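Build me a model from this:
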Amino acid sequence: MKTYSLTPRDIDRKWYVVDASDKVLGRLASQIANRLRGKCKPEYSPHMDNGDYIIVVNCEKIRVTGNKLTEKKYYRHSGWVGSLKETSLEAMLARHPDRVITLAVRGMLPKTRLGRAMLKKLKVYVGPDHPHQAQKPQPLTLPFQGA
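Next comes the predicted model:
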């Protein structure tokens, strides 16, 4: 019996829409990362990018638990001395709500070229509209909603 090895022409990618309204950020991000990697498929292989495309709408209506809204910080550094910038989750949701989900999912993907390719299949939009109607995305119901 031979071992089945996935090839690029065997990959079947689908498009899914996820509504982020009242979903807990971490639980949503982990399930999206799972779909982007393709771990939910029977032909999963860790060295191939065989995940699906995920469209996230209503990203500004995301929920967080505990005091994360004020205590969670995002850091960025330009490389110059003393240029470390700090932004709270509350300010990030006010200015760039799409980056909150993108950064959460990015932290759960591999830190390699393959992980960057997987992240390109994530499309995050503010509001209920998105420009991907031509791909005929299917609504995706995620198993864990969070408490």
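
so what's Lys5 up against?
I think there's a mix-up here, since residue 5 is Ser and not Lys. Contacts for Ser5 (C-beta atoms under 8 Å, 6 or more residues apart in numbering) come out as Ser45. All C-beta atoms are positioned from the backbone trio N, CA, C, and that covers glycine.

SS state for Val56?
Here Val56 is strand, with the state taken from DSSP: H, G, I helix; E, B strand; the rest coil.

Name whatever forms a beta bridge with it.
According to DSSP bridges, the residues that bridge with Val56 are Val18, Val124.

wait, it sits on Tyr16?
No. Shown here, Val56 and Tyr16 do not form a contact pair, counting by C-beta atoms under 8 Å, at 9.6 Å.

the more surrounded of those two?
The neighbour comparison of Val56 against Tyr16 (other C-beta atoms under 10 Å) goes to Val56, with 26 against 18.

From Ile11, how far off is the more buried one?
Applying C-beta to C-beta, to the nearest Å, the value for Val56 to Ile11 is 22 Å.

Equivalent analysis for Gly51, please.
Counting by C-beta to C-beta, the gap from Gly51 to Ile11 is 9 Å.

ditto for Glu90
From Glu90 over to Ile11 (counting by C-beta to C-beta), the distance is 39 Å.

neighbour count winner among Gly51 and Ile11?
Just comparing Gly51 and Ile11: by other C-beta under 10 Å the higher neighbour count belongs to Gly51, 25 against 15.

Need the per-residue pLDDT for the more buried one.
With respect to pLDDT, Gly51 scores 94.

That one: what secondary structure?
coil.

phi, psi of it?
Gly51 has phi and psi values of phi -80, psi 180 when expressed as degrees, to the nearest 10.
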